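K.L.:
Just to be clear, the model below is a prediction. Sequence and coordinates:
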Amino acid sequence: MENNWFESWFDSPYYHLLYRDRNEQEAQSFLNILLRRIHLAGDSKVLDLACGKGRHSRHLHQQGLDVTGIDLSPENIQFCKQFENETLHFYEHDMRRLFRTNYFDAVFNLFTSFGYFDRPHENEQVIMAASKSLKPGGYFIIDFLNPTYAIHHLTASHAIELDGVRFDITKKIVQQKIIKEIHVTDGTKGFDFREEVRLIYPDDFQQFFAHAGLSVLETYGDYLLHPFQSEQSNRLIYITRKI
């Protein structure tokens, strides 16, 4: 049986090489602004859903929160384990499945760590599981791409070289998904990977939230939390609360 694209790509060293220059300062500033909006108590329990290598988890923990990070990638979790302590833990887990029930004060799903699954109900399962893991009144925050903006600003192809490794990248829209095809040339070796993100629009999210018992408090369009504008905003960021 063929693996899902994310099972091979997220565990590849080339994934981490390609995205190594993510803006840490921007990510930390974004989290700080979010935390000022939702006012979590210092001992609050939070879940970092699809935590990757734990950069958001570690920053949330530095703010005094009790943080759990989960990710499907064994290599990511193995990397994160070095940072564990009494109030910072990491687990290998599929975000479509419930992790804990009525346990967390907030769940964060950041940096377009959503929309990976072919069937719409699987993406909805992620939000359902997140909602069930929250205490009543807990917050679910999701940071997704704005599909309208992404379509209008799609770069068809480009190439980049990092540490002697060449990445030839093409993007296209196929069946309501953004598909990024990545050809890696490492010396004499070549590898092919792909990323797929389903185009999920505000109306879709509203349905997901309603079914999951989540009420939308705010909708933002960038990491400075300016109001969302359907054509101009590059992000689609929701702060919701469990009813």
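P.N.:
Great, that's in hand.
K.L.:
My read is that residue 26 contacts residue 235, right?
P.N.:
No - using Cβ atoms under 8 Å, residue 26 is not in contact with residue 235; the gap is 11.5 Å. In short, each C-beta sits where N, CA and C put it, glycine included.
K.L.:
More neighbours: which of the two?
P.N.:
residue 235 (21 against 11; other Cβ atoms under 10 Å).
K.L.:
what bridges to the residue lying closest to residue 222 once chain neighbours are set aside?
P.N.:
Take residue 222 and drop its neighbours on the chain: the residue closest to it by Cβ to Cβ, 6 or more residues apart in numbering is residue 235, 5.3 Å away. Here residue 235 sits in beta bridges with residue 145, going by DSSP bridges.
K.L.:
For residue 235, give me its contacts.
P.N.:
By Cβ atoms under 8 Å, 6 or more residues apart in numbering, the contact list for residue 235 reads 143-146, 220-223.
K.L.:
now swap in residue 233 and tell me
P.N.:
146, 149, 220-222, 226.
K.L.:
Are we agreed that residue 75 is in a strand?
P.N.:
No - per DSSP: H, G, I helix; E, B strand; the rest coil, residue 75 lies outside any strand segment and is helix.
K.L.:
Relative to residue 90, how far out is it?
P.N.:
When distance is defined by Cβ to Cβ, to the nearest Å, residue 75 is 12 Å away from residue 90.
K.L.:
neighbour count winner among the two?
P.N.:
residue 90 (24 against 16).
K.L.:
Bridge partners for that one, pull those for me.
P.N.:
Applying DSSP bridges to residue 90 gives these bridge partners: residue 69.
K.L.:
pretty sure it is touching residue 70, no?
P.N.:
Yes - Residue 90 lies in contact with residue 70 (Cβ under 8 Å); the separation is 7.3 Å.
K.L.:
what touches both of these two?
P.N.:
residue 51.
K.L.:
Straight-line length of stretch 113-122, end to end?
P.N.:
14 Å (Cα to Cα, to the nearest Å).
K.L.:
Run through the helices of the chain in chain order.
P.N.:
For the chain, the helices defined by DSSP state H cover 5-9, 13-18, 24-38, 55-62, 74-80, 120-133, 147-152, 202-212.
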